[in-house]
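> attaching a predicted model along with its sequence, questions to come.
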Amino acid sequence: MLYAQGQKTRLRPLRRADLDKMMEWDDDEEIQAYIGKKGIADSQSGVWFESVRRDRRRVVLAIETDTGEFIGDLELKQIDWRNKRAELCICIGNKAYWGLGFGTDAIVGALQLAWERFGIKEVYLRVYCSNVRAIRCYQKCGFQKIGVLPADKRRSRGLHDLLLMSCQTDRLASRLQAAQ
């Protein structure tokens, strides 16, 4: 089953076979510096996978290229069905695809999916203020800065300020339809 198809990527349901790659990316220090650690332990990966599948407030999708190569994952989480809001998290784990527009393409597909399939009107995210490349990507996708969460006490643990961003999916959908 395919959830969304972009120009460069496809979003599909996550498979148990994807977990090994995800754990590999989760242990990569460079990826951790940008997005943190998911904490999928090898011994608990099956439990994590099943909990994701049962959680109605969470949709985790695999990002693959048009040739079917699994290159990352994207999650809509903290889904608030009543207020039609969700948080977006994305990881392009295969570094060969960084900076080539695959993340942008996947996010646009996820925003369309959020609006058209789930009726989600607002998608928000948190990103480290130091992650300039990701911030540019999010802005290209229609996200706007709404505030900064200072690191304060977390700074002593090596954490950085977080930028909060939001996108209205209904406005994005109308812009995308007008462009077609």
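Structure received. Numbers count the residues shown, from 1 in each chain.
> phi, psi of the residue nearest to Pro150 when sequence neighbours are not counted?
Computed as CB to CB, 6 or more residues apart in numbering, the closest residue to Pro150 that is not its neighbour in sequence is Asp161, at 5.3 Å. Using the backbone N, CA and C atoms, a C-beta is placed for each residue, glycine as well. Here the main-chain torsion angles of Asp161 (degrees, to the nearest 10) amount to phi -60, psi 150.
> same deal with Ala151?
Phi and psi for Ala151, reported as degrees, to the nearest 10, are phi -70, psi -40.
> next structured bit after whichever strand or helix holds Met22?
Per DSSP states H and E: Met22 is located in helix 19-26. Later in the chain than helix 19-26, the nearest helix or strand by DSSP H and E is helix 29-35.
> mind listing what's buried in that next one?
Within helix 29-35, the residues that qualify as buried are 31, 34-35, counting by 16 or more other CB atoms under 10 Å.
> what's the answer for stretch 12-20, then?
Using 16+ other CB under 10 Å as the test for burial, stretch 12-20 gives 12, 14, 18-19.
> so for that stretch, mean pLDDT?
The average pLDDT within stretch 12-20 is 90.
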